[in-house]
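> My questions are about this predicted structure, shown below with the sequence.
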Amino acid sequence: MHRALKIKLLIILIFLSISIYSYSHVFHMPEAPAYSYSLFQVFITSICFGVIISASIYNFTLFIYNRDIQYLYYSLAQASTLLFLFALDSIYITPFDKIIGLDNHMFFDLYQHALLLFSILFLEKFFHTKQNSITLHKIINIIKYFILIDIILTIILSHAIFIRLIPIFIPIWLILSESHRLIKDKNLSFYFIYLGWAIPLTVAIAEYMGIIAFINKEFPFLHIAFALESLILSLAISYKFKLIEDAQKAQQSLLLQQSRLASMGEMIATIAHQWRQPLTHLSYIFMNIKKSADNKTLIEKKIAEGKEQLKYMSKTIDDFRNFYNPSKIKEAFNIKEACNEAIKIAMPTLRISHIKITLKENNPCTIIGNLHELSQAILNIINNARDILIERSIKEPFIHIKIDTCEIKISDNGKGIKKENIEKIFEPYFSTKTDSDGIGLYISKTIIEKEMGGKLILKSDKNGTTFTIKIPFS
């Protein structure tokens, strides 16, 4: 068990001990409302109720739209919050004791159970606890068991045991603090969640410790805190929904690109089949010319040159057909093979643009994977460098490829990438070129990191750019 978790559990144990010691205060419920709200305070409280109701309806609508259970959990958590506040106001505040009339203490405890249960079910789905952290998933499961046991005790005894001794803000604090420690891959929606929950947790702790009562301020702070939490968490959910849609679009683009490559492979295979016959026919023509020629030395020289060109044409069509082969078979291959394959495909356009490309291998490396996929990733990087070198009219343009064990460095002298674009360079659809779909480098990163389990790292300065591909040694 991690030291931080041990400290948190020790704090909860100390709190539990204090609660048991002062059990008469913990289990005491007032017979009559202790506070009286003015018309203005009632108005503010009503607005907060409206915000919470809107958040519940909004998230239920999202659930109907995309059938994601986390939206249903949050909608039910908001409905439970509303019932909890109704019961709280009925017990403690005039005139809500007459307006709402939900002053049943057992229902008050059950609403707290519902609020805690649906909140942690929502957090469990939002954080993907099974994928992100086994420890966090276990903590949530233990809390769920305690809630279910406490619900049964509440029905039997007409009042709760566990949530009276340990208020609901403590398990939520434990889950949020542990998720922040254990989940490494966080985005903006995660921080919205932390901010949203921090507000009601802070107010609830201040209320529980008597700080607000000490400063003698009667105001619906808790209602405002829950209303703000509803707004902020709804923003978090909306932002996450946007991220999911963006990821789906990116995946669709990747599938489309793969489909294009597969179609191109089929097309090239057809061209190869149609090309073979005329190439063979040309070879026969050379043989007939050789037989009928007077100056055999000169003719033989020209025929030899022609045959070399035929071999080159035949090999080129094989290279293209193999490169665009959509096969996903994994096999052992040398990294240098993948680099050479990408260079062969890129070479015609590099020659036309007078761009020098070099390949140096310091230490060879053999890996298990798909050679053509790695070649595609390398080719995308080469093409990206080529476009920059042409666009900026670089004098003596070059692309250097260096292999050192299972690390490939692809460098150019294209004067680098602008700082504001470095963070976006691997995002789908992002491109500084008007005629580009912005998918090339994204595909390279996806192939290397998702398919091969490696890393694609970018380093850029005023002299040029270096892409470093790190692949696990097989």
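Cool, the structure landed.
> Show the low-confidence segments of the stretch 151-300 of the chain, by residue range.
Within the stretch 151-300 of the chain, the segments meeting pLDDT under 70 span 213, 216, 244, 246-279, 281-282, 284-286, 288, 290-296, 298.
> For the stretch 351-474 of the chain, which segments are assigned as strands?
Listed in chain order, the strands of the stretch 351-474 of the chain (DSSP state E, counting those that start in this stretch) span 356-363, 366-369, 398-404, 407-412, 455-460, 465-470.
> Three-state assignment for I224, please.
Three-state assignment for I224 (DSSP: H, G, I helix; E, B strand; the rest coil): helix.
> Now do the contacts for it.
Residues in contact with I224 (C-beta atoms under 8 Å, 6 or more residues apart in numbering) are I44, C48, V203. In this view, the C-beta of every residue, glycine as well, is placed from N, C-alpha and C.
> same deal with S54?
S230.
> would you say it is within a strand?
No - the assignment for S54 is helix, going by three-state DSSP, so no strand is present there.
> And it, how far from L231?
According to C-beta to C-beta, to the nearest Å, S54 and L231 sit 9 Å apart.
> Domain ranges for this protein, per the record?
3-251, 269-323, 331-470 (automatic domain parsing).
> Of these, which shows the lowest average pLDDT?
For these, mean pLDDT drops lowest on domain 269-323, to a mean of 65.
> if you skip the residues just before and after it, what's nearest to F96?
The spatially closest residue to F96, leaving aside those adjacent along the chain, is D89, at 3.6 Å (C-beta to C-beta, 6 or more residues apart in numbering).
> For the helix or strand where the one you found lies, what is the distance to the chain centroid?
Secondary structure assignment for D89, by DSSP states H and E: helix 69-92. Chain-centre distance of helix 69-92: 30 Å, with C-alpha atoms, centre = their mean, to the nearest Å.
> returning to that earlier point: between the strands of the stretch 351-474 of the chain, which one is closest to I156.
I156 lies closest to strand 455-460 among these, at 56.8 Å (C-beta to C-beta).
> now the angle between strand 407-412 and that closest one, please.
Here strand 455-460 points in a direction 30 degrees away from that of strand 407-412 (axes from the mean of the first three to the mean of the last three C-alpha atoms, to 10 degrees).
> Assess the claim that T465 and K409 are in contact.
No - T465 is beyond contact range of K409, at 10.8 Å (criterion: C-beta atoms under 8 Å).
> neighbour count winner among these two?
T465 (22 against 17; other C-beta atoms under 10 Å).
> measure the more buried one to D109 for me?
On the measure of C-beta to C-beta, T465 and D109 end up 62 Å apart.
> Same check on L374?
L374 is 60 Å from D109, by C-beta to C-beta.
> And S133, by the same measure?
S133 is 30 Å from D109, by C-beta to C-beta.
> the more surrounded of those two?
Per other C-beta under 10 Å, whichever of S133 and D109 has more neighbours is D109, with 26 against 19.
> helix or strand for the more buried one, which one?
Assigned by DSSP H and E, D109 belongs to helix 105-127.
> elements contacting that helix?
Helices and strands touching helix 105-127, by 3 or more C-beta pairs under 8 Å, 6 or more residues apart in numbering; DSSP states H and E, are helix 69-92, helix 134-157, helix 162-165, helix 169-182, helix 188-208.
> Of these, which stretch is the most buried?
Of all the helices and strands packed on helix 105-127, helix 69-92 carries the top mean neighbour count, a mean of 22, counting by mean count of other C-beta atoms under 10 Å.
> Next, the angle from that helix to helix 188-208.
Here helix 69-92 runs at an angle of 20 degrees relative to helix 188-208 (the same axes, to 10 degrees).
> counting contacts, what elements does helix 69-92 pack onto?
Judged by 3+ C-beta pairs under 8 Å, 6+ apart, helix 69-92 is in contact with helix 39-66, helix 96-99, helix 105-127, helix 221-292.
> got the contact list for stretch 347-361?
With C-beta under 8 Å, 6+ apart as the criterion, stretch 347-361 contacts 336, 339-340, 343, 346, 382-383, 386, 389-390, 396-403.
> can you give me how far the one helix or strand K6 maps to is from the chain middle?
Assessed by DSSP H and E, K6 sits inside helix 3-21. Offset of helix 3-21 from its chain centre (C-alpha atoms, centre = their mean): 35 Å.
> what's the angle between it and helix 169-182?
Using the same axes, to 10 degrees: helix 3-21 against helix 169-182 is 180 degrees.
> angle of helix 3-21 against helix 134-157?
Using the same axes, to 10 degrees: helix 3-21 against helix 134-157 is 10 degrees.
> hang on, the earlier thing: quick one: the strands of the stretch 351-474 of the chain as CSV, columns for distance to K307 too.
Below are these laid out as CSV (distance: least, C-beta to C-beta, whole Å):
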stretch, distance to K307
strand 356-363, 27
strand 366-369, 35
strand 398-404, 31
strand 407-412, 35
strand 455-460, 42
strand 465-470, 38
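> of all the ones you listed, which lies closest to N421?
So among the strands of the stretch 351-474 of the chain, strand 455-460 is nearest, using C-beta to C-beta, at 9.1 Å.
> Which residues does that closest one contact?
377, 416-417, 422, 425-426, 444-445, 448-449, 465-470.
> of those residues, buried ones?
Neighbour-count burial within the contacts of strand 455-460 applies to 377, 416-417, 425-426, 444-445, 448-449, 465-467, 469-470; the criterion is 16 or more other C-beta atoms under 10 Å.
> right, and the pair among those residues with maximum separation?
G416 and E449 (22.9 Å).
> Indicate which one of the strands of the stretch 351-474 of the chain is closest to I20.
strand 455-460 (52.1 Å).
> orientation of that closest one relative to strand 465-470 in degrees?
With the same axes, to 10 degrees applied, the angle from strand 455-460 to strand 465-470 works out at 160 degrees.
> Please name the residues that touch I93.
Going by C-beta under 8 Å, 6+ apart, I93 touches P33, A34, Y35, S36, Y37.
> sorry, back to before: now, which of the contacts of I224 sits nearest I211?
For the contacts of I224, the nearest to I211 is V203 (9.7 Å; C-beta to C-beta).
> my read: that closest one touches H223, true?
No - the pair V203 and H223 fails to qualify as a contact (C-beta under 8 Å) at a distance of 9.4 Å.
> Please spell out which residues along the helix holding K6 are buried.
For helix 3-21, the neighbour count (16+ other C-beta under 10 Å) marks L5, K8, S19 as buried.
> for stretch 399-413, same thing?
Neighbour-count burial for stretch 399-413, counted by 16+ other C-beta under 10 Å, picks out 399-403, 406-413.
> next one: stretch 36-46
Y37, Q41, V42, I44, T45.
> try stretch 451-459
For stretch 451-459, using 16+ other C-beta under 10 Å, the buried residues are M452, G454, L456, L458.
> Please name the nearest non-neighbouring residue to the second one.
Nearest in space to G454, with sequence neighbours left out and distances taken as C-beta to C-beta, 6+ apart, is I471 at 4.1 Å.
> Quick check: that neighbour vs A338, distance?
Distance, I471 to A338, by C-beta to C-beta: 10 Å.
> which one of these two has more residues nearby?
A338 (26 against 22).
> can you state the direction angle for whichever strand or helix holds the more buried one and strand 465-470?
In the assignment (DSSP H and E), A338 maps to helix 335-352. Angular relation of helix 335-352 and strand 465-470 on a 0 to 180 degree scale: 160 degrees, by the same axes, to 10 degrees.
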